[in-house]
Each structure stands twice: as C-alpha cells, then as structure tokens.
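Enquirer: here is my input; please provide its structure:
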Amino acid sequence: MLAVVFIVNGTLPGLLAPTTAQLFWTIGFAQSFINDGFSIFAHNFGAPQPAAISFGLAGALPASAFLKLGLSAADAYAASFALWLTVAFGGAYKLTRRLGGETLMSLMSATVWCTMQVVWYHHGYSMLALGIALLPFYFYSSVRVLDRPTSLTNFMLFLFTCLVSVFMDGYTYMMFAVATGFALLFSLLQGRNNNLINVVCKFASIGLGLLASYVLYVLYIGQAEFDPAPLDFFRGWGANLEFFLIATKGFLFLPDLIGLSDARAPREYFGDSSVFQSTFSAAIIIAAIYGVATGKGDRKVMTLFGVIALFGFYMALGPSVKFLTYRPEGMGQLMPESYGWLSTGSSILSEHLPGFKNMRASYRWMALGVFGCWAILAIVLSSKLRSVKQKMIVLLAVLVFNIPALGIFRGYLDARADISSRDAIVQELAALVKKGENIAFLPYRNDFLVNYLASKVGIKTYNIGGDKNLASARENWPDTVKRFTQDEIDPDFLSNVRAVLENEDADAVVLPYIDLLWAAHSGPLRYVYKDELSAIAAKLDADPRLSASYSDHFAVIRLNPGLKGMGEAWVAQSYDPRQHGKPIKLERGSSVSFTTDGLNPEFMLHRGWSRLESKGIWSTRSVSNVLLELPKQQDLNLRVELTPFVPRPTDRMTMQLVMNGNVVLERTYVGQGEGPWRVAVENVALPSSILSADGVNVLEFKATPLLSPTKIGIQDPRTLGVMLHRIGVD
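Expert: Have a look, this model is predicted:
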C-alpha cells in the first residue's frame, strides 16, 4: 500500500519526482547545509547574512543526509518525501487503530488519506504537501498526550510532533494547533479522568509543546511574524462553494471520465489557480455525511471531527461567501468585499489573531476540513456494526476519486527529466565563475534556481528563491544591490551594475538571459531580456575597467584583473546629471506629465527613478533628480505634483526639493491610513539667482526614509520615496 502512496505522490526515487521548482529550492538549502558541514543555515545564497529556510527545514535535513550518501538531487528529494510520507501513513494507520479500526481497514484508511488530492496537488508548494499528509500523525500525538497527560513518553512524542510541524509548514502548524485545541476542549467536556493533576498536565503539555516549538522557530527565522496581507487577499484566495463539489478538468481521473469536472482558467477567478485546482472534496464530504447520518460509530468522537471539518471548510471560504463568483476582466487577483455574496465573519480572526493573520491563502484551510471528514470515515471503518462489504464499498468509493489524471503522472516523469537537464546549466555557470566568489545575479527575481546553482557551484550570492526568504535577505543587501528593480531593466540598470562592481560589493555580476524563477520549473528554458542584456553586456565590456565573458545563458561582468574598485561615488560622478541625457524643456505656463504617455523614458535614465507608470514615476533612491531646461534670468514659480509613499498612519517622510544645490522646499508628510493616497501640490518660488545661467538646471528630490510596499502586504520589493506626477512652471 505504501507503493501506491509513493506512486500517486510521485516520490519513487530513481523513477519519479513530485515537482521541480520546490525541489531546486529545497535541495539548494540541503546542499548548502552540507557544504558548511551540516549547518541549518545556508551560506551560498541570500547573502550577506546566513539564510534560514523559511519553511521546510524538517524536509531539507533528511534531503541533506541523502545527498551526503551520494543520491542525486531528484532522488534525495524524492527519498525525503517518501520518508515523511511513510511517517504520515503510519500516523494515519495508528489514528484509525486508535479509533477502533482493524488492521486491514486501518491500512486502507491510511492509503485513502495519503492519496488525497489535497496532499499530492500541493507538492508544487513543497512542504505544504507533507504538512497536510502528516495531519493524522500530528493529531494522533495530541490524542496520546490527552489520553495520558502524565506520561513522559506521550509528552516527548507531542513535543517532537510540534517541532516537526512548525519546521515543516506554517499553514499546517496552525491547523494542527486548532485541531489540538478542539481535542483539548472535547477531552475536558468528556469529564472522564479529569482530576486536577490530569487537567493541569493536559494544559501544560499542550501549551509547552506549542509554545516551545514556536519560540524555537522564531529564534531560527529571526522574526516573530511576517507582514500580514490585506483582507482582499484572504477574499481572493478563498474558495468558491462550487470548487468543493465540481473538480477542475485535468487533475482527477474519475471526475474527468464521468463529466464531474469543469475547465477553469486562472483569469476567470480571484486568487490563483491553486484555489480551484485543489479544492474538490465532494467524495470525502459525502462519505462523512453518510457516516454521521447512518449513526453507526462513536457519535461523540464524530461530533469532534465534525466540528473540526466544519471549521476547516468555513475558514477555507475566506472573509466572503463566493458562489459562481468571477473576476471581471482587467481586475487583479485581490477581491474587494463588494464582489462577495455575504460576509462569513472570519475576517475578525484573519485580521486580529496571531497565526490566523498569516493564513492568507484561505482555501488551504480546507485541508483541515478534509482531515475532519476523513477521520469520520475512519470511525465508519472502525464500526463493529457494519459489514466488511459495506466498509469496502465506502472506502473504495472515496479511493477511486483520489486517482490522479494521467497528465499528473506524466508530469512526475517530465519533472525528473527536467531536473537532470538543469545540471547542464550548473556546468555552464561553473566555467564562468570561481568557487567562493561573491556573485550578484541581475536583474534579481524570486530566483528559485539560484539556490541550486549557487550551492552546487560553491559560490555566494545575494539572490535567493522564496518570497519570504527574498524579503528577509533584501533587508541586508548593500545599497548598490537594493537599487535594482525586481525583474526589470530599469533606467539606471547599467550604471547600477558598474556601481556594484566599483564598490566591490560583488566579485562579478551575472546577467542571466533566462528567468531563474521559471527555469526551476518543468519545460524548456525561457529567455527573458536576452537582447537587452546582451547589449548591456557589450557596453560594459567596452568600458576599459570592465570585462565580460559569455555563454549561451549568461554574461558575466567583472573588474579587469588587478584593478581596485573606485567606489559608487565615482560611478555617480561619471554620470554628471548635467552632462548625461537631455533636459526636459519647460516654458512659462507649461508643464510635463511623468506618465507612460506623457514623457519619453530616456529623459529619466540614470536619475534614481523606477519605470514610468500610468499615474507617474516612483523615486527609488534617497536622492533622485530631474534635469530641467527653464527660462533664463527670470524669477519663476515651480509647481510640483507628487504623492509621498506613506500608506500607514504611523508613516512619516521628510522630503527636500533642491535646485542646483539650494534647498527650496522641505516638507514632512504623515500617512493618512485607509483611503486613497494624498496627492501633494507644492508651489516653490525659484529666484533667478539660483537658476543656471545656461538654462539647464538639476532639481533633486531627497526623500527619507524610503519604504517597501512589502511592509503593507503588497508584493513589490522596491523601496519607494515619492511618485512624481507633474511639474509645471508659472
């Protein structure tokens, strides 16, 4: 039966691999751990600080051991998953036995659980799949400690489980904690064996296990919690009611065969595709309802698991009920409240309670709902009042709905082949860099493949894969690296590459012609910005202080041998704002709009601004400038329209306008909180005495502090000062 579990989950070493991107991410950590002699921090990526793996340490450590034994990346990952799936299978078996199941039925029950779609679908999200698979094991440890709270063995098992859970995945750690809380309440209401000592030991054991694991996780990660997402995120990633009842085509064999599946496209729904691809659970829900309705089994325990199931599905809806709710064309993935049928009330939990605030992909709570339903099925299978034939019919009816579509198995085979093909990229990069060098891959992205490349080649890099890991690493990057815009070649890209090298913040800059996020996924490599980066590499190679080396997928830029860096200030001086680029010409009564359709982007090259947008252009440095050609020898009034990035009531920003070295305005902006950001219109008197005699003037915007949108739950890693909308002259 374990063989069936391994095949359905794609975890057969030597033959199948469950995924690619998360494999490269995890194996990158695992390899880096053993590069440092079995550390629990990675030193090959996420520099300059050692990188803690934001989730999945419990899966990465066994993978490290398998790598050390000589297994390939694909086999080490598959073996690690097979190991934990074996633990999950054993946990599901033991819990079913604890509920009264016989050996054969308990084995079948464990097989049903470990082949649930909610488990194998989430292999693309790495340790989330294992965390879901381990829910019965987690709960079994809770039952043990609640049955005999004075037993040291039971407490040690529970403590071990808490540590595994918190270092496996945050979502399922919260589900484990919630289910344990319900079980504790249930045991107190039962009233049996609840003398004072036992009650105290129950609270102490549960509380100490959860608290100790959380504290150790915080100490390891280095932060108590991550920035919460807005409620519209919770709504967007909440499940539509129909998703539970009708499968998405292409994922499950039987629903596709009998027409119980529907073709769905991500653009049609709020959230992303995982919200509707993984949530079908009609078979196990019906089985649970059948078990409760027929009433054969322990009714009280059924009630406990029924409450757990209902809570899980309730939270999976998110803050708003959605039924046949579609995303209007042109709208983003976040869902405004107005598109929901009615409020569920869960926003109180999602907005205010620790832990719940970080469960932003609401639909994932359905794993807890499915677990509750499966546990009711396990009670049905344990009932002595049912025949073996009845039990087998119910069990097989659920099991056949777990069978993945053929395309899923093809995906496992393709994943293994693609993993092997990426080793050629490793060898290609190894020929261009030296072991131990400090490297910056630019432009940076959520660079999943970098974890694998850096640890295999033995270099150190600022880049790292994983949203949380990237946000954490970026805070410690040198200023020269922070200036780059994620996944973009912004106007200052070329000069910023020179600044990184001249400041000696990196031994070399790698310009990847491929997207190092999507290169970690299955399929052919995808070129991105190849022509632009090739042209930039040629320009840098023409610089007498720099040299470039090339391969099919990379260009590597470095200082010429023997040269010392001149510093970023030297680079800035070599781009004199008065000499570089054309000035924007303004006459009295005229203005210029800093929008995509209002200005040629070349006017803003190398001036500390990001890309032009529909409403303006954001400053991304503490000092940004605009070159203006103004009327000569005249007193003028300058009108500047801008928006300071102070989104929260506690945010403050000080901005100076400096004309040709003279401070002409100093203003402090305070955040207003909810509602649209304020557009400030500043009127500044410019006496002719501070204006340039030749009419070409440098207007500087000095904003401090800059703030990243990631601090308010927006996935934009830039640090922003002010958005410049318009400049006019009277």
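Enquirer: could you use CA atoms for every contact and neighbour count after this?
Expert: Fine.
Enquirer: and residue 666, what helix or strand is that in?
Expert: Assessed by DSSP states H and E, residue 666 sits inside strand 662-670.
Enquirer: pLDDT of the helix or strand that comes right after that strand, averaged?
Expert: Next in sequence after strand 662-670, counting helices and strands by DSSP H and E, comes strand 680-686. Strand 680-686 comes out with an average pLDDT of 94.
Enquirer: how far away from the center of its chain is strand 680-686?
Expert: 42 Å (Cα atoms, centre = their mean, to the nearest Å).
Enquirer: can you tell me which helices and strands it packs against?
Expert: On a contact count with 3 or more Cα pairs under 8 Å, 6 or more residues apart in numbering; DSSP states H and E, strand 680-686 meets strand 636-644, strand 662-670.
Enquirer: nearest to residue 340, out of those strands?
Expert: Nearest to residue 340, of all the helices and strands packed on strand 680-686, is strand 636-644, at 31.4 Å by Cα to Cα.
Enquirer: where exactly do the helices run in the stretch 251-400 of the chain?
Expert: Applying DSSP state H, counting those that start in this stretch to the stretch 251-400 of the chain gives helices spanning 253-258, 274-277, 282-294, 299-316, 347-352, 366-382, 388-400.
Enquirer: likewise for the stretch 101-250 of the chain?
Expert: Using DSSP H, counting those that start in this stretch, helices in the stretch 101-250 of the chain cover 103-114, 117-120, 127-133, 135-147, 152-166, 170-190, 196-221, 231-236, 241-245.
Enquirer: so for the fifth one, mean pLDDT?
Expert: In this model, helix 152-166 carries a mean pLDDT of 96.
Enquirer: in it, which of the residues would be classed as buried?
Expert: Residues of helix 152-166 classed as buried: 154, 155, 157, 158, 159, 161, 162, 163, 164, 165, 166 (neighbour count, 16 or more other Cα atoms under 10 Å).
Enquirer: not counting residues beside it along the chain, what's closest to the residue nearest in space to the middle of the chain?
Expert: By Cα atoms, centre = their mean, the mean C-alpha position of the chain lies nearest to residue 467, the distance being 3.9 Å. Of all residues not flanking residue 467 in the chain, residue 446 sits nearest, at 6.5 Å (Cα to Cα, 6 or more residues apart in numbering).
Enquirer: now that neighbour: phi and psi?
Expert: The phi/psi pair for residue 446 (degrees, to the nearest 10) reads phi -80, psi 80.
Enquirer: please apply the same query to residue 460.
Expert: Per-residue torsions, residue 460: phi -120, psi 140 (degrees, to the nearest 10).
Enquirer: next one, pLDDT for it please.
Expert: 96.
Enquirer: now do the one 5 residues further on
Expert: Per-residue confidence (pLDDT) for residue 465: 90.
Enquirer: OK, contacts around the closest residue to it other than its chain neighbours?
Expert: Nearest residue to residue 465, sequence neighbours excluded (Cα to Cα, 6+ apart): residue 448, at 3.9 Å. Residues near residue 448 by Cα atoms under 8 Å, 6 or more residues apart in numbering: 21, 22, 24, 25, 464, 465, 466, 516, 517, 518, 520.
Enquirer: closest to residue 134 among these?
Expert: residue 22 (18.6 Å).
Enquirer: ok so the closest one is a helix residue?
Expert: Yes. Applying DSSP: H, G, I helix; E, B strand; the rest coil, one finds residue 22 inside a helix.
Enquirer: what's around it, how many residues?
Expert: Counted with other Cα atoms under 10 Å, the neighbours of residue 22 add up to 22.
Enquirer: shouldn't it be in contact with residue 128?
Expert: No. Assessed by Cα atoms under 8 Å, residue 22 is found out of contact with residue 128, at 10.7 Å.
Enquirer: hang on, residue 558 in a strand?
Expert: Yes. According to three-state DSSP, residue 558 belongs to a strand.
Enquirer: sorry, back to before: for residue 427, find the nearest of the helices of the stretch 251-400 of the chain.
Expert: Residue 427 lies closest, by Cα to Cα, to one member of the helices of the stretch 251-400 of the chain: helix 274-277, at 34.1 Å.
Enquirer: what's that closest one packed up against?
Expert: Using 3+ Cα pairs under 8 Å, 6+ apart, helix 274-277 is in contact with strand 247-248.
Enquirer: mean confidence score for the strand it packs on?
Expert: 95.
Enquirer: next: stretch 169-179.
Expert: On average, stretch 169-179 scores 96.
Enquirer: ok, residues contacting it?
Expert: 55-56, 127-128, 131-132, 135, 138-139, 162, 165-166, 210, 308, 355-356, 359, 364-365, 368.
Enquirer: rewinding a little: out of the contacts of residue 448, the closest to residue 401 would be?
Expert: residue 22 (26.3 Å).
Enquirer: redo the helices of the stretch 251-400 of the chain as CSV? Include distance to residue 67, mean pLDDT and mean neighbour count.
Expert: Formatted as CSV, those follow (distance: least, Cα to Cα, whole Å; pLDDT from 0 to 100; neighbours: other Cα atoms under 10 Å):
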stretch, distance to residue 67, mean pLDDT, mean neighbour count
helix 253-258, 35, 94, 16
helix 274-277, 31, 94, 22
helix 282-294, 38, 90, 19
helix 299-316, 37, 94, 21
helix 347-352, 40, 88, 16
helix 366-382, 31, 93, 29
helix 388-400, 34, 84, 16
